[in-house]
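Asks: sequence and predicted structure are below.
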Amino acid sequence: MSQNSPDIRQQVDGNRGIAKKLELLIPGLRGYRTKEDLRASDSLLRNQVADKLDHVKDNLQQLRKQIASSNDLINLGAVGSLIAHVQALSGEVRHAAQGYAGWVAPIQITDDKLNKLYEYDYSFVSAVWQLDRASAPGTLIYDPATPNPVQGVLDGFSRSVMDIRQKWSQRVEVIEGIALGQ
């Protein structure tokens, strides 16, 4: 991850209590603890991404209020649809299955594969952060005197959401590919 975005894995490692540190010393528990920490990192990352998507949704809802107060029914439908897509994507990201790093996991996933997946997420996370910046209230402006420009902005946001959804789908496919031993 970049310097501006701290690596959540390091934060999870730094927050280990004494019991977890002891688990790292015991040969049979070391792999289990490492994988559990990577799962925790993944969960934290996904929740942060979902929170950003929820923030985008909130920004779009503010835009929807402005559009509704101007009785702009064309753009109102477009922004409503976009809000629904962002909300659905947020839910998928937040509530995705985490996997299992139990004692005798049926599918073995190495730390290298998990770390590669985590690094793969960078483009997905970056796209969500970029969408959040683009939807910020000072950046996303609706002018009722000239409502047509917002159509282009909403189309761009729709393309961004589709791109983010594609990145999320690719992530899921990578996970499934790992699970199948690919």
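Replies: Happy to help now that I have it.
Asks: for residue 147, give me phi and psi.
Replies: Summarising the backbone geometry of residue 147 under the convention degrees, to the nearest 10, its torsions are phi -80, psi -20.
Asks: burial check on it, number of neighbours?
Replies: Other residues near residue 147 number 15, with proximity taken as other Cβ atoms under 10 Å. (Glycine included, C-beta is placed from N, CA and C.)
Asks: one more: residue 132?
Replies: Taking other Cβ under 10 Å as the neighbour definition, residue 132 ends up with a count of 18.
Asks: what helix or strand is it located in?
Replies: Residue 132 is part of helix 111-134, with elements assigned from DSSP states H and E.
Asks: then residue 146?
Replies: Using DSSP H and E, residue 146 falls within no helix or strand.
Asks: what of residue 54?
Replies: Following DSSP H and E, the helix or strand that holds residue 54 is helix 27-69.
Asks: which elements pack onto that helix?
Replies: The contact analysis (3 or more Cβ pairs under 8 Å, 6 or more residues apart in numbering; DSSP states H and E) places helix 27-69 against helix 8-14, helix 18-25, helix 73-94, helix 111-134, helix 148-179.
Asks: the longest one packs against which elements?
Replies: If contacts are counted by 3+ Cβ pairs under 8 Å, 6+ apart, helix 148-179 sits against helix 27-69, helix 73-94, helix 111-134.
Asks: compare those helices and say which comes out lowest on pLDDT.
Replies: Across the helices and strands packed on helix 148-179, the stretch with the lowest average pLDDT is helix 111-134; it has a mean of 80.
Asks: lovely, talk soon.
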